[in-house]
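Peer 1: pasting the structure only:
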(Lines give C-alpha, C1' and ligand atoms only; values in the text may rest on other atoms or scores of the structure.)
Protein backbone atom coordinates (compact mmCIF):
# COMPACT_ATOMS: atom_id res chain seq x y z
CA UNK A 1 0.00 0.00 0.00
CA UNK A 2 1.44 3.36 -0.99
CA UNK A 3 1.16 6.53 1.05
CA UNK A 4 -0.29 9.46 -0.89
CA UNK A 5 -0.62 13.06 0.23
CA UNK A 6 -4.22 14.26 0.08
CA UNK A 7 -3.07 17.55 -1.46
CA UNK A 8 -1.74 15.61 -4.43
CA UNK A 9 -4.76 13.38 -5.13
CA UNK A 10 -7.92 15.06 -3.80
CA UNK A 11 -9.84 18.07 -5.08
CA UNK A 12 -9.26 21.06 -2.80
CA UNK A 13 -12.92 21.18 -1.70
CA UNK A 14 -12.86 17.51 -0.68
CA UNK A 15 -9.58 17.99 1.17
CA UNK A 16 -11.12 20.85 3.17
CA UNK A 17 -14.17 18.72 3.98
CA UNK A 18 -12.02 15.81 5.17
CA UNK A 19 -9.95 18.16 7.34
CA UNK A 20 -13.11 18.86 9.35
CA UNK A 21 -12.99 15.23 10.54
CA UNK A 22 -9.32 14.24 10.57
CA UNK A 23 -6.07 16.22 10.34
CA UNK A 24 -2.51 14.93 10.23
CA UNK A 25 -3.43 11.26 10.71
CA UNK A 26 -3.38 8.38 8.30
CA UNK A 27 -6.69 7.17 6.93
CA UNK A 28 -7.34 4.00 4.95
CA UNK A 29 -9.84 4.27 2.11
CA UNK A 30 -10.88 0.76 1.04
CA UNK A 31 -11.64 -0.29 -2.50
CA UNK A 32 -15.31 -0.72 -3.40
CA UNK A 33 -16.43 -4.24 -2.49
CA UNK A 34 -16.96 -5.18 -6.15
CA UNK A 35 -13.26 -4.47 -6.87
CA UNK A 36 -11.80 -6.36 -3.93
CA UNK A 37 -10.13 -9.72 -4.48
CA UNK A 38 -11.42 -12.62 -2.43
CA UNK A 39 -9.21 -14.34 0.09
CA UNK A 40 -6.32 -16.17 -1.56
CA UNK A 41 -7.02 -15.04 -5.13
CA UNK A 42 -4.01 -12.78 -5.49
CA UNK A 43 -1.52 -15.09 -3.78
CA UNK A 44 -2.85 -18.27 -5.41
CA UNK A 45 -3.53 -19.92 -2.04
CA UNK A 46 -7.21 -20.46 -2.85
CA UNK A 47 -6.37 -22.46 -5.99
CA UNK A 48 -3.61 -24.36 -4.21
CA UNK A 49 -5.99 -25.50 -1.46
CA UNK A 50 -8.73 -26.36 -3.96
CA UNK A 51 -6.27 -28.54 -5.89
CA UNK A 52 -5.09 -30.19 -2.66
CA UNK A 53 -8.67 -30.91 -1.61
CA UNK A 54 -9.47 -32.48 -5.00
CA UNK A 55 -6.39 -34.66 -4.61
CA UNK A 56 -7.46 -35.71 -1.10
CA UNK A 57 -10.92 -36.65 -2.36
CA UNK A 58 -9.45 -38.55 -5.31
CA UNK A 59 -7.14 -40.50 -2.99
CA UNK A 60 -10.09 -41.30 -0.73
CA UNK A 61 -12.23 -42.54 -3.63
CA UNK A 62 -9.27 -44.69 -4.74
CA UNK A 63 -9.25 -46.44 -1.35
CA UNK A 64 -6.97 -44.40 0.91
CA UNK A 65 -8.12 -44.34 4.53
CA UNK A 66 -8.69 -41.16 6.53
CA UNK A 67 -5.70 -42.10 8.73
CA UNK A 68 -3.44 -42.41 5.67
CA UNK A 69 -4.64 -39.03 4.38
CA UNK A 70 -4.02 -37.46 7.81
CA UNK A 71 -0.39 -38.56 7.71
CA UNK A 72 0.15 -37.65 4.07
CA UNK A 73 -1.37 -34.14 4.25
CA UNK A 74 -0.64 -33.35 7.91
CA UNK A 75 -4.30 -32.57 8.64
CA UNK A 76 -6.64 -33.72 11.39
CA UNK A 77 -9.16 -36.48 10.73
CA UNK A 78 -11.90 -33.89 11.17
CA UNK A 79 -10.39 -31.70 8.43
CA UNK A 80 -10.03 -34.67 6.08
CA UNK A 81 -13.66 -35.68 6.69
CA UNK A 82 -14.89 -32.13 6.03
CA UNK A 83 -12.98 -32.04 2.74
CA UNK A 84 -14.44 -35.40 1.68
CA UNK A 85 -18.01 -34.44 2.61
CA UNK A 86 -17.73 -31.11 0.83
CA UNK A 87 -16.34 -32.72 -2.32
CA UNK A 88 -19.22 -35.19 -2.66
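Peer 2: Structure received. Bear in mind the structure is a predicted one, so any value in this text is a computation, not a measurement.

Peer 1: all helices of the chain, in order?
Peer 2: Using DSSP state H, the helices of the chain run over 6-9, 12-19, 45-61, 66-73, 77-87.

Peer 1: let me see the mean pLDDT of the fourth one.
Peer 2: Confidence over helix 66-73, taken as the mean pLDDT, stands at 97.

Peer 1: now tabulate the helices of the chain in CSV and tack on mean neighbour count.
Peer 2: No exception for glycine: its C-beta is placed from N, CA and C like everyone else's. Formatted as CSV, these follow (neighbours: other CB atoms under 10 Å):
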stretch, mean neighbour count
helix 6-9, 10
helix 12-19, 11
helix 45-61, 14
helix 66-73, 14
helix 77-87, 14
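
Peer 1: among these, which comes closest to residue 33?
Peer 2: Checking the helices of the chain against residue 33 by CB to CB gives helix 45-61 as the closest, at 17.6 Å.

Peer 1: dihedrals phi and psi, the nearest residue to residue 45 once chain neighbours are set aside?
Peer 2: Excluding its sequence neighbours, the residue lying closest to residue 45 (CB to CB, 6 or more residues apart in numbering) is residue 39, at 7.8 Å. Main-chain dihedrals, residue 39, degrees, to the nearest 10: phi -60, psi 130.
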